[in-house]
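K.L.:
what's the 3D shape of this:
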Amino acid sequence: LMLGFFTKKIFEVNAMKIIHTFMPTRDGVNLATDVYLPDLAGEYPLIIIRSPYYSAPWKPVEEAEDFCRQGVGMLIQDCRGTGRSEGEADYWRQENFDGEDLLRWLMRQKFFNGRAVTNGESYPGGTQYQAARCSLPQLVGITPHNAPWNIYQCHYVNGVPKMSLFVRAFGMRKTRMNYKDAEVSAVNCLQRPIKELDSKLFNVKWPLYQTWLKHLKYDEYWRRANAGSCFERMLAPGFITGGWFDIFIRQTLEAFRTLRRDGARRQCRDYTR
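P.N.:
Below you'll find the model as predicted:
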């Protein structure tokens, strides 16, 4: 089977079937997608992880094997502009539409039974809130851990950059572009001018970073990545976890409170934990 110019590859490992493919998005960008399924033919519920942290192609994970033994599949997708996926990363803002495209794509797949739960921590946790905004019924639960939903608050405090998040973004950019000589560390970043940080680290400007610096205040640019504006439309209940000393603890608590109060249906409100 062909998706664009990519070949779907199917492997069998330890009585588990692995499908390596590329999912087309609405604008034609193809996202690397690995699906781990029980070996027997059939339709299965899925645990979905969407991550920018460079998954390894075709390599089964222990968690996938454990779930497959219980009749549950797992899907791991590289976010746009990361790992093996195509496109230029527009971190956070891209995840609403790409998450929705994945859920709609799954409904056309013979291995999917129409029930999916998302999983992940930090950025993969944030992608869950973004996917839940589309209010599709096949997403029956989210499990964000230490995860943000208001991305502006991740980058700025009253207009002052939160460098810890910028450092992580630069680390992902280094991996994507294979900038081997760039020393991306908190100490190295804090010793350089903020406006010139991309040029100092990579010897070239990073357009996305320069765009962030132009939006110091919460505006329409950041509103696109604020899933909190859509809590009242979310259907899926959440099992929301975090840590008291995590940088996203305020958003963790607020997500719990707001989904319990404003979720789109009673199941979401009553079963969010």
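K.L.:
residue boundaries of the strands in the stretch 101-250 of the chain?
P.N.:
Per DSSP state E, counting those that start in this stretch, the stretch 101-250 of the chain carries strands over the ranges 112-121, 139-145, 156-157, 160-161.
K.L.:
for those strands, which one ends up most surrounded?
P.N.:
Greatest average neighbour count among the strands of the stretch 101-250 of the chain goes to strand 139-145 (a mean of 22), per mean count of other C-beta atoms under 10 Å. Every residue, glycine included, has its C-beta placed from N, CA and C.
K.L.:
so which elements touch it?
P.N.:
Packing partners of strand 139-145 (3 or more C-beta pairs under 8 Å, 6 or more residues apart in numbering; DSSP states H and E): strand 112-121, helix 123-132.
K.L.:
before we move on, back to that, for G238, find the nearest of the strands of the stretch 101-250 of the chain.
P.N.:
Among the strands of the stretch 101-250 of the chain, the nearest to G238 by C-beta to C-beta is strand 139-145 (4.7 Å).
K.L.:
and the closest one with helix 123-132, angle?
P.N.:
Computed by axes from the mean of the first three to the mean of the last three C-alpha atoms, to 10 degrees, the angle separating strand 139-145 from helix 123-132 equals 150 degrees.
K.L.:
just put the strands of the stretch 101-250 of the chain in JSON lines and tack on mean pLDDT.
P.N.:
JSON lines is the format used below for the strands of the stretch 101-250 of the chain (pLDDT from 0 to 100):
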{"stretch": "strand 112-121", "mean pLDDT": "97"}
{"stretch": "strand 139-145", "mean pLDDT": "98"}
{"stretch": "strand 156-157", "mean pLDDT": "87"}
{"stretch": "strand 160-161", "mean pLDDT": "87"}
